[in-house]
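J.: what's the 3D shape of this:
(one chain, ligands or ions: 1)
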Amino acid sequence: MPRRLPEVGIITGPRLTVRRLSCERDDRMLFRELAFSASDGEIWQITGANGAGKTTLLRILVGLHGFFEGEVRWREPLAPSLLYLGHQPGVREELSARENLRYSQALSGQAGDPDAALDAVGLYGFEDVPAGRLSAGQKRRIALARLWLAPKPVWVLDEPFTAIDQDGVARLDARLRQAAAAGTLVLYTSHHRVGDDVRRLHLGDAGGAP
Ligand SMILES: Nc1ncnc2c1ncn2[C@@H]1O[C@H](COP(=O)(O)OP(=O)(O)OP(=O)(O)O)[C@@H](O)[C@H]1O
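T.: This is a model prediction of the structure:
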């Protein structure tokens with residue numbers, strides 16, 4: 001009887017598959033029957049008017065919003081692979097920039113040097129300042145510093161370019177492209193386009209009322 005050979009560990013196929021995804025909120029259809037597949041190393045930009053459902057879509061994809069129809073399938077368990085930055089910076093005002101980063105590292109298990117990450121987002125010299133005394137853009141940069149810690153295979157970023165200046169936009173733009181080149185799948189909402197080869201998913205054609 002022939003012996004069964006072990007499967008070779010090459011992982012293929014899209015990391016994320018979305019089929020017939022529809023979502024209604026407040027009696028309004030946000031999107032209807034969305035379908036797309038996203039693979040390692042791709043950057044996906046999600047666009048749409050205010051209220052079109054961009055945040056809702058990202059929250060569905062990462063499992064934070066459960067009221068939808070259709071299928072969202074990740075090739076591998078999402079939790080250990082995911083770096084999710086939500087709409088708000090999510091920093092603790094009473095903690096310094098460094099303490100905030102260490103705190104999120106303790107929760108996520110994400111390795112890396114917090115000072116190097118803060119330096120990379122332009123917060124050198126602000127490591128010990130309580131976040132409550134920083135500007136909106138600087139708070140956003142504390143959250144973004146996680147992108148310079150140990151890399152994760154999936155980044156889901158809700159409006160990461162909000163509140164940061166031109167220099168911050170350039171740094172972030174380069175970082176997203178660098179991560180994708182190294183194999184990270186990046187999904188983000190913004191009107192800012194990161195390079196010409198970015199895939200774009202536009203929300204807003206669902207037809208309004210269900
Ligand atoms: N907490 C909530 N409870 C009930 N309905 C909500 C809630 N948050 C959002 N919605 C509804 O979902 C719709 C889509 O909101 P969502 O935040 O996903 O849009 P968005 O495209 O990210 O908007 P923006 O560009 O303004 O951030 C809103 O118009 C609103 O009607």
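J.: so who does R98 touch?
T.: Contacts for R98 (Cβ atoms under 8 Å, 6 or more residues apart in numbering) come out as 114-115, 118, 127-128. To be clear about C-beta, it is placed using only N, CA and C from the backbone, and glycine gets the same treatment.
J.: again, only using 6 Å
T.: 114, 127 (Cβ atoms under 6 Å, 6 or more residues apart in numbering).
J.: Would you mind finding the longest helix in this structure?
T.: Counting residues, the longest helix found in the chain (DSSP state H) is helix 166-181.
J.: so what strands line up beside whichever helix or strand comes after that one?
T.: Once the chain leaves helix 166-181, the next helix or strand it forms, by DSSP states H and E, is strand 185-189. Using DSSP bridges, the strands paired with strand 185-189 are strand 43-47 (parallel), strand 154-158 (parallel).
J.: Any chance of these in a markdown table with mean neighbour count as columns?
T.: Output for those, formatted as a markdown table (neighbours: other Cβ atoms under 10 Å):
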| stretch | mean neighbour count |
| --- | --- |
| strand 43-47 | 20 |
| strand 154-158 | 23 |
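J.: number of nearby residues for S81?
T.: 16 (other Cβ atoms under 10 Å).
J.: try the one 5 residues further on
T.: By the other Cβ under 10 Å criterion, the neighbourhood of G86 contains 16 residues.
J.: Tell me the bridge partners for the most centrally placed residue in the chain.
T.: In the chain, the C-alpha nearest the mean C-alpha coordinate belongs to V156, at 1.6 Å (Cα atoms, centre = their mean). As for beta bridges, V156 partners with Y84, L187 under DSSP bridges.
J.: and it, what does it touch?
T.: 58, 62, 84, 187.
J.: so what's the nearest residue to T162 once chain neighbours are set aside up against?
T.: Closest residue to T162 apart from its sequence neighbours, by Cβ to Cβ, 6 or more residues apart in numbering: R140 at 6.5 Å. Neighbour list for R140: 89, 163-164 [criterion: Cβ under 6 Å, 6+ apart].
J.: Swap in 8 Å and give it another go.
T.: Counting by Cβ under 8 Å, 6+ apart, R140 has contacts 89, 160, 162-164, 168.
J.: roughly how far is stretch 52-70 from the heart of the chain?
T.: 13 Å (Cα atoms, centre = their mean, to the nearest Å).
J.: I'd guessed P151 sits against A182; true?
T.: Yes. P151 sits in contact with A182 when judged by Cβ atoms under 8 Å, with a separation of 6.7 Å.
J.: So for these two, which residue has more residues nearby?
T.: Using other Cβ under 10 Å, the more surrounded residue of P151 and A182 is P151, with 16 against 11.
J.: Next up, the contacts around that one.
T.: P151 is in contact with 179, 182, 184, counting by Cβ under 8 Å, 6+ apart.
J.: which one among these gets closest to L201?
T.: L201 has its nearest neighbour among those in T184, at 17.6 Å by Cβ to Cβ.
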